[in-house]
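> Need coordinates for the below:
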Amino acid sequence: MPSFIETQFPIARLSAESYKERKANNGQTLTRLGKWWGRKPLILVRASILGMLMPASNDAKKDREIFLKILTMDDDGTWQRVKDAVSDAPWRNDDTHIGRSTFDALPYAERLRYCERPENVEGPLESTWSDINTHLGTSAASFPELLEQLGQRVFGHTPRVGDSFCGGGSIPFEAARIGCEAFGSDLNPVAGLLTWASLRAV
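Residues are numbered from 1 along each chain as shown. The predicted model follows:
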């Protein structure tokens, strides 16, 4: 059975999320550990690992819907990620919500102006996990639990991620943070040090 990433990948939404993460400058999770120009966005690493583990079904539309739900990149997920302190949002009037429909009508990239990044929220809501588990045949309540169950199904063990040219450490860092066994190496000793420091921070 093919994996989700072999059949489709929501490039437009992931590009918008990656751009927001890159524009965060000092707000990026790994930036303070050291500058690395080729560092991959963490949301892209997270989505790629999930996309390789999640099986594709005969319902491509439902697969995409579930994939976005897991990453909190669906309509409910982005609404869940809205920052509490937003005061200039177009759906607010004197700090009172006018309605979610105004938010949902915004283009995805525009919504992200008012949202936390996916890595800064705990994950999907409890009600959303019910939809995810029903579709995937899992019983997870968190991202690490889901990856563990999908890894057991595909490989018979916890997913292992290795990066032989790890650079700034994005891939092993995010892999470890979401529940995988992570390994990294690089010929550049600075890259090795940054990755080691990143993995100690998990």
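
> At which residues are the helices of this structure located?
11-23, 42-53, 60-70, 75-80, 100-105, 108-111, 126-136, 143-155, 170-177, 189-200 (DSSP state H).

> Endpoint to endpoint, stretch 180-192 covers what distance?
Distance across stretch 180-192, first residue to last, is 19 Å (C-alpha to C-alpha, to the nearest Å).

> Go ahead and name everything in contact with that stretch.
Applying C-beta atoms under 8 Å, 6 or more residues apart in numbering, the external contacts of stretch 180-192 come out as 34, 36, 49, 147, 151, 158-169, 171-173, 175-176, 195, 199. (Glycine included, C-beta is placed from N, CA and C.)

> How about the backbone phi and psi for residue 180?
Dihedral pair for residue 180: phi -90, psi 160, per degrees, to the nearest 10.

> can you count the residues close to it?
22 (other C-beta atoms under 10 Å).

> One more: the one 3 residues further on?
Residue 183 has 17 neighbouring residues, counting by other C-beta under 10 Å.

> where are the low-confidence patches of this protein?
25-38, 85-99, 198-202 (pLDDT under 70).

> ok, of the contacts of stretch 180-192, which come out buried?
34, 36, 49, 147, 151, 159, 161, 163, 166-169, 171-173, 175-176, 195, 199 (16 or more other C-beta atoms under 10 Å).

> give the contact list for the residue nearest to residue 2 when sequence neighbours are not counted.
The shortest distance from residue 2 to any non-neighbouring residue, by C-beta to C-beta, 6 or more residues apart in numbering, is to residue 56 (4.8 Å). Contact analysis of residue 56 by C-beta under 8 Å, 6+ apart lists 1-4, 6-8, 63.

> Sounds good, over and out.
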